[in-house]
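> sharing a model prediction with you, sequence too.
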Amino acid sequence: MAAEDPGRRAFLRRLAGSSVVLSGSGAAESWLSAGHATDGNAPLKAISKYAVNVLDFGAVSDGRTLCTAGIQAAIEACAAAGGGKVFVPPGKYLTGPIFLKSNLEFEVLAGATLLGSTNFADYRTIPGRWEGLDRTVYASLITGLDLENVAITGQGSLDGQGTVWLDAWGRTQELRKKLGIVGREPENPPGSPLPWPRPRMINLYRSRKVLIRGLTIQGSPSWTVHPVSCEDVYIEGLTILNPPHSWNTDGIDPESCRNVRISGCYISTGDDCVMIKSGYKHIPGRPFQPSENIAVTNCTFNAGGCGVGIGSETAGGVRNVSISNCACDGTTCGLYFRTARGRGNVVENVSAVNVVMRNLEETGIVVSMFYEDEDRATLHPVDVRTPIFRNFQCSEILLDGAQTSVVVEGLPESPIQDLSLNNLFVKAADRGISCYQVRGLSVNNAVVNSTSGPSVECKKVLDLELVRIRPPKTQPNVPVIALEDVRGAMVQSCSAPESSPALVQLKGEGNQDITLALNRVSAPAQEVAFTDGASERAVVKRI
């Protein structure tokens, strides 16, 4: 038998002297026994019982000394011993990117802060993904590559000190514009203030059985938590704080991930709070993985582009998304599901239930296929680059304060398929519900207080059902419901107050097969009015 390497013996003695052996099912295993099970409720693999203090490997808690090497040495030592916990005790630790290992918990204790270095030279580059494209990127503050059974936890904080990165990004964008560089595909030109895309705070690639819990994360240079091509990801109880209206400082962006649960988080950021993605656009010979089986629940969103959204990068497809019991207070939009021509693939089976929205800057719910293209009239050819949206349900929605309640807009060549809005209460908004290019639309039990325009407007909709639409008040000379180029509609049990000229206004010659049933219309309002060439022949039945 070969003699044991004396270097390894010294290494293990050092580890033993600097580690705490956890008794029983100790803290390093606690996240594994807290109900996080996957694959038929099979438990996650147990982590060993070593806990390693980064101070014992050269980290210094003064907030000025660069600690990257010491923290990384603690991670390597713990991994070499078979796994366990690496913990960061109270204090401030200046660091560049650190790389996690499998079977390891990295815990930032209460009172501890990891400070991201503001020296770009402290950040190595790696192959990664940025805005849906695979390319060279700066490694992130906490990076994971091809891991399994890993946790990032603690009541401490991560501070990316991202102002310098945002400034460099802004100056780089000005240079790109000056040089006529258009689109996200071209790399930044030589001499750019920012040679490569900005780091994230937590960025994991191709990893399984991941827990991220409890941390306060602020000042991110770009997307804050970004798992890519990961599976079985649990993100719980994070507080994410980034400056308002700071570009690309999203909160949590699962991309091409499977089996993700995001719960109990508070996010106030400069861009979208939670955004689900799956690759930029259709690229021949380069398929992207889908994002699927994703739940977002019991979260609160403050500043940000939207509370929860999908897209606009949807090239791999997104399916089976559940959003529940969330509150948006002060975001630009509440729910924002978006794609564009060229992205391709399918976004389907999306449910949002029990969402409260208040003081929004723009819109409550957006379901749009026009993220980058304003051509809403031209019928484009249908091919693999044409995106598809289908099977969306939003119910139990409360909106109090927005410019527009709901915007739904499909492509002429690919209308949105099968969308329902149920139990929607709009306490205050400038405008109501606007729907364009939809096949299979149901709005059931909606109270819409809008100060401008109809409660519901539909244009180029096939198979429409409007049931119990009730505006407490309307503006003079404004109908409750406006329909244009709508075919196959049922308007049932809806009501028009005295101030409205009509419950339903039919505009133009394209309306067909409209049924009115059991509606309540207060005199002198009419049940239906016809404008711009609309004919009474469009109404086939009144009950």
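Looks like it came in fine. Keep in mind the model is a prediction, meaning the values are calculated, not measured.
> tell me the bridge partners for Ile276.
In this structure, Ile276 has the following beta-bridge partners (DSSP bridges): Ile310.
> make sure Asn422 is actually in contact with Cys394.
Yes. With contact taken as C-beta atoms under 8 Å, Asn422 and Cys394 are classed as touching, separated by 7.4 Å. Every C-beta, even on glycine, is put in place using the N, C-alpha and C of the backbone.
> the two: which is more packed in?
Cys394 (24 against 16; other C-beta atoms under 10 Å).
> confidence score at the more buried one?
The predicted structure scores Cys394 at 98 on the pLDDT scale.
> quick check: bridge partners of the residue nearest to it when sequence neighbours are not counted?
Once flanking residues are discounted, Cys394 sits nearest to Ala352: 4.6 Å by C-beta to C-beta, 6 or more residues apart in numbering. With beta bridges defined as DSSP bridges, Ala352 has these partners: Ile323, Cys394.
> can you pull the contacts of Ala352?
Taking C-beta atoms under 8 Å, 6 or more residues apart in numbering as the criterion, Ala352 is in contact with 308, 323-324, 335, 365, 393-395, 397.
> what's the spacing between it and Thr269?
For Ala352, the distance to Thr269 (C-beta to C-beta, to the nearest Å) stands at 20 Å.
> the longest helix seen in the chain: which residues count as buried?
Of all the segments assigned as helix in the chain under DSSP state H, the longest by residue count is helix 163-178. By neighbour count with 16 or more other C-beta atoms under 10 Å, helix 163-178 contains the buried residues 164-166, 168-169, 172-173, 175-176.
> repeat for stretch 110-120
Neighbour-count burial for stretch 110-120 flags 112-117, 120 (criterion: 16+ other C-beta under 10 Å).
> what's the answer for stretch 329-346, then?
Using 16+ other C-beta under 10 Å as the test for burial, stretch 329-346 gives 329-346.
> end to end, how far does it reach?
The first and final residues of stretch 329-346 sit 30 Å from each other (C-alpha to C-alpha, to the nearest Å).
> give me the mean pLDDT for that stretch.
pLDDT averaged over stretch 329-346 equals 97, rounded to a whole number.
> next one: stretch 158-175
97.
> start at 737 instead
With the count now opening at 737, the last piece we talked about shows up as stretch 894-911.
> contacts for that stretch next, please.
Contacts made with stretch 894-911 from outside it, assessed by C-beta under 8 Å, 6+ apart, are listed as 844, 849-854, 856, 877-878, 924-925, 927-930, 934-935, 937-938, 951-958, 978-979, 982-985.
> at 6 Å instead, please
849-852, 854, 924, 928-930, 934, 937, 953-957, 982 (C-beta atoms under 6 Å, 6 or more residues apart in numbering).
> drop anything exposed from the residues you listed.
Neighbour-count burial within the contacts of stretch 894-911 applies to 849-852, 924, 928-930, 934, 937, 953-957, 982; the criterion is 16+ other C-beta under 10 Å.
> which one of those residues is nearest Glu1263?
Sorting the buried ones among the contacts of stretch 894-911 by how near they are to Glu1263, with C-beta to C-beta, puts Ser982 at the top with 50.5 Å.
> you'd agree that closest one is up against Thr1005?
No. Using C-beta atoms under 6 Å, Ser982 is not in contact with Thr1005; the gap is 7.7 Å.
> got the contact list for Leu930?
Applying C-beta under 6 Å, 6+ apart to Leu930 gives the contacts 904-905, 908.
> so which of those residues is the closest to Ser943?
Among those, and counting by C-beta to C-beta, the member closest to Ser943 is Trp905, at 26.7 Å.
> how close does the closest one sit to Ala1039?
Note on Trp905: its distance to Ala1039, by C-beta to C-beta, is 19 Å.
> quick one: the helix or strand following the longest helix of the chain to chain centroid distance?
For helix 899-914, the following helix or strand on the C-terminal side (DSSP states H and E) is strand 938-941. The chain centroid and the centroid of strand 938-941 are separated by 16 Å, computed with C-alpha atoms, centre = their mean, to the nearest Å.
> can you list contacts of strand 938-941?
Taking contacts as C-beta under 6 Å, 6+ apart, the residues outside strand 938-941 that touch it are 876, 878-881, 961-964, 966.
> please repeat the previous calculation with a cut-off of 8 Å.
The set of residues that contact strand 938-941 without belonging to it, under C-beta under 8 Å, 6+ apart, is 864-865, 875-883, 886, 888, 894, 946, 948, 953, 959-966, 969.
> give me the buried entries from those.
Among the contacts of strand 938-941, those scoring as buried are 864-865, 875-881, 883, 886, 888, 894, 946, 948, 953, 959-966, 969 (criterion: 16+ other C-beta under 10 Å).
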